[in-house]
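Participant: fold the following, please.
(2 chains)
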Amino acid sequence: MSSYRFVILNQKDNVATALDDIPAGSIVKVTRQDREYDMTIKQNIEFGHKFAIVSIKKGEDILKYGEVIGVASSDIAEGEHVHVHNVEGKRGRGDKEHEDRSILGV
Amino acid sequence: MKTAQFWGYRRPDGRVGVRNHVLILPTIVCATQAAKQVTELVHGTVSFIHQHGCAQVGADYEQTFRTYVGMGTNPNVYGVVVMGLGCETHQGRSVAQEIAKSGKPVELVSIQNHGGTLGAIAEAARIAAQMVQDASALVREPFDVSELIVGTECGGSDACSGLSANPAVGYVSDMIVDRGGTAILAETTELIGAEHLLANRAVDDRVAKKVYEVIEAMEKRAIAMGVDIRTGNPSPGNRKGGLTTLEEKSLGAAAKAGTRPLQELIHYAERPTKKGLVWMDTPGHDIEQLTGMVAGGAQIVLFTSGRGTPTGSPIAPVIKIATNTSMFERMRENMDINAGTIIEGKESLESVGRRIFDELLLTASGKLTKSEILKQHDFGIWRIGPTF
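Facilitator: You can find the predicted model right below:
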């Protein structure tokens, strides 16, 4: 078991934030919603970056601070790096004007 | 109510300054170089470079005008020498007349009326030299923290911003509010995705409705550009620091607002009419936000950064707070306080908050910030219309 530090900000969250550079292959102990389990970090996670603490399906919301920070643009496995390559923002999407119109209700 | 005091300067309009600058205020791009020359000649003067003041109309004209007047009337300024060209839309005379209502010394010099550049510089320097000596005769007096308007801001954010420095500033925001002062939350763009949390804290339905209105207006501007806002915000540096989406950045940015009720929403560069927590509608652009808050009367700004920035104002001290220790160590000449100790588990959020509050009082009483020492005189206006 590694001693790399990370933080899960809210029990609803499906991602954790690394507080150290965590190398791929590290095994970390995660406590989430009264469940404690070991998981393997799949890629190098830089300080400040996020990794999935449960598997997330494409189209599911990404939750941090207990709030929605975006949506998965592909399936994300437990322990994978979660960032711009597999998450899209929902807001300010001028490139997807129709969806945004429905969000804004205009 | 809890109290705390600092040493400041009482101005004729009753407001209290924490600095005693003589401001050389160019109302038009054409006068900025001459104004800069005056600050080279006369000790104790400050100015700023900009590209505005002509061929502006309507609400855009008004916003720029309000920003100039706000810089001049900010209580950190003892007196103002307004410098114009003569033929511009933002007439130096109109700006000077508006600033003069505050009761502070104001004089006008225009390049076309004073025989060109060199004549204008000589005249402005002569007036400024006398103002500086008069200003230096003032003595600081003790005042209550309730006299302070403190701007809060984050720039060059990283994933630590929302975990360390921003919540610590939020703790300070609550301390200021609890002592009768005013804290400004701003950067509307970087509250997109966190607006529901602030609307829930609004003092009434009218303020809550305005929260959603300013957010929607800002988001519509991005949508009108036809691109994903993520192409510009979060910035490349934000993304490298681990921030993935604007919503994630916003939730971290909102932590600066502490926990107290939201009293009102004000326009860019407008002075708060209420004490407590207020929201100024500004873009996320660091310098435009900073300028708006200072023009709105903020005497001091608390500025958090993860990537590190040199940001400062010509007239207001900006206390810069690092979100992580490695950047603080790399950029000690720019950063005033390290909140990275929270991430390392060495210090509590409350303890860092109290350190920031102590630094705020010291700075208000005259201690210089890093950005003041390095003469980082940033200025930028949020333009809301085209130039004609």
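Participant: do a quick rundown of the strands in the chain.
Facilitator: No chain specified, so I'll use chain A. A:6-7, A:15-18, A:27-32, A:35-40, A:50-52, A:61-64, A:67-72, A:81-82, A:87-88 (DSSP state E).
Participant: chain B, not that one
Facilitator: B:5-10, B:16-17, B:21-26, B:45-46, B:77-84, B:106-110, B:141-144, B:149-154, B:182-185, B:262-266, B:276-280, B:300-305, B:318-322, B:337-338.
Participant: export the ones you listed to JSON lines and tack on mean neighbour count, distance to chain A and mean pLDDT?
Facilitator: (Each C-beta comes from the backbone N, C-alpha and C, glycine too.) Conversion of these to JSON lines gives the following (neighbours: other Cβ atoms under 10 Å in any protein chain shown; distance: least, Cβ to the nearest Cβ, whole Å; pLDDT from 0 to 100):
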{"stretch": "strand B:5-10", "mean neighbour count": "19", "distance to chain A": "34", "mean pLDDT": "98"}
{"stretch": "strand B:16-17", "mean neighbour count": "23", "distance to chain A": "37", "mean pLDDT": "98"}
{"stretch": "strand B:21-26", "mean neighbour count": "27", "distance to chain A": "35", "mean pLDDT": "98"}
{"stretch": "strand B:45-46", "mean neighbour count": "22", "distance to chain A": "36", "mean pLDDT": "98"}
{"stretch": "strand B:77-84", "mean neighbour count": "27", "distance to chain A": "37", "mean pLDDT": "98"}
{"stretch": "strand B:106-110", "mean neighbour count": "23", "distance to chain A": "42", "mean pLDDT": "98"}
{"stretch": "strand B:141-144", "mean neighbour count": "14", "distance to chain A": "35", "mean pLDDT": "98"}
{"stretch": "strand B:149-154", "mean neighbour count": "27", "distance to chain A": "14", "mean pLDDT": "97"}
{"stretch": "strand B:182-185", "mean neighbour count": "27", "distance to chain A": "17", "mean pLDDT": "98"}
{"stretch": "strand B:262-266", "mean neighbour count": "21", "distance to chain A": "18", "mean pLDDT": "98"}
{"stretch": "strand B:276-280", "mean neighbour count": "24", "distance to chain A": "18", "mean pLDDT": "98"}
{"stretch": "strand B:300-305", "mean neighbour count": "29", "distance to chain A": "13", "mean pLDDT": "98"}
{"stretch": "strand B:318-322", "mean neighbour count": "27", "distance to chain A": "13", "mean pLDDT": "98"}
{"stretch": "strand B:337-338", "mean neighbour count": "22", "distance to chain A": "16", "mean pLDDT": "98"}
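Participant: where does the chain have low pLDDT?
Facilitator: Answering for chain A, as no chain was given. A:1, A:97-106 (pLDDT under 70).
Participant: wrong one, I was asking about chain B
Facilitator: Across chain B (using pLDDT under 70), the flagged ranges come out as B:1.
Participant: and it, what are its domain boundaries?
Facilitator: Recorded structural domains for chain B (assignment: automatic domain parsing) are B:21-136, B:143-373.
Participant: ok now the last one, how far from the chain's centre?
Facilitator: Spelled out, it's domain B:143-373. 10 Å (Cα atoms, centre = their mean, to the nearest Å).
Participant: would TSV of the strands of chain A with mean neighbour count and distance to B:H267 be doable?
Facilitator: TSV is the format used below for those (neighbours: other Cβ atoms under 10 Å in any protein chain shown; distance: least, Cβ to Cβ, whole Å):
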stretch	mean neighbour count	distance to B:H267
strand A:6-7	16	37
strand A:15-18	24	35
strand A:27-32	15	44
strand A:35-40	11	49
strand A:50-52	24	36
strand A:61-64	22	32
strand A:67-72	21	28
strand A:81-82	24	38
strand A:87-88	20	32
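Participant: one step back: go through the strands of chain B and name the closest to B:R201.
Facilitator: Closest approach to B:R201 among the strands of chain B is made by strand B:262-266 (4.9 Å; Cβ to Cβ).
Participant: just the CA trace of the closest one, in CSV.
Facilitator: Output of strand B:262-266 as CSV, limited to C-alpha atoms (Å, rounded to 0.1, in the frame of the first residue of the first chain):
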residue,chain,number,x,y,z
LEU,B,262,-25.0,38.0,-0.5
GLN,B,263,-26.2,41.5,0.0
GLU,B,264,-26.3,42.9,-3.6
LEU,B,265,-25.1,42.7,-7.1
ILE,B,266,-23.3,45.7,-8.6
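Participant: which neighbouring elements make contact with it?
Facilitator: helix B:205-224, strand B:276-280 (3 or more Cβ pairs under 8 Å, 6 or more residues apart in numbering or on different chains; DSSP states H and E).
Participant: how far off strand B:276-280 does it point, in degrees?
Facilitator: 30 degrees (axes from the mean of the first three to the mean of the last three Cα atoms, to 10 degrees).
Participant: and strand B:262-266 with helix B:205-224, angle?
Facilitator: Using the same axes, to 10 degrees: strand B:262-266 against helix B:205-224 is 50 degrees.
Participant: picking that back up, point out the most buried one among the helices and strands packed on strand B:262-266.
Facilitator: Compared across the helices and strands packed on strand B:262-266, strand B:276-280 shows the largest average neighbour count, a mean of 24 (mean count of other Cβ atoms under 10 Å in any protein chain shown).
Participant: partner strands of that strand, with direction?
Facilitator: The sheet places strand B:276-280 alongside strand B:182-185 (parallel), strand B:262-266 (parallel), with pairing taken from DSSP bridges.
Participant: and of these, who's closest to B:I300?
Facilitator: Using Cβ to Cβ, the nearest of these to B:I300 is strand B:182-185, at 10.6 Å.
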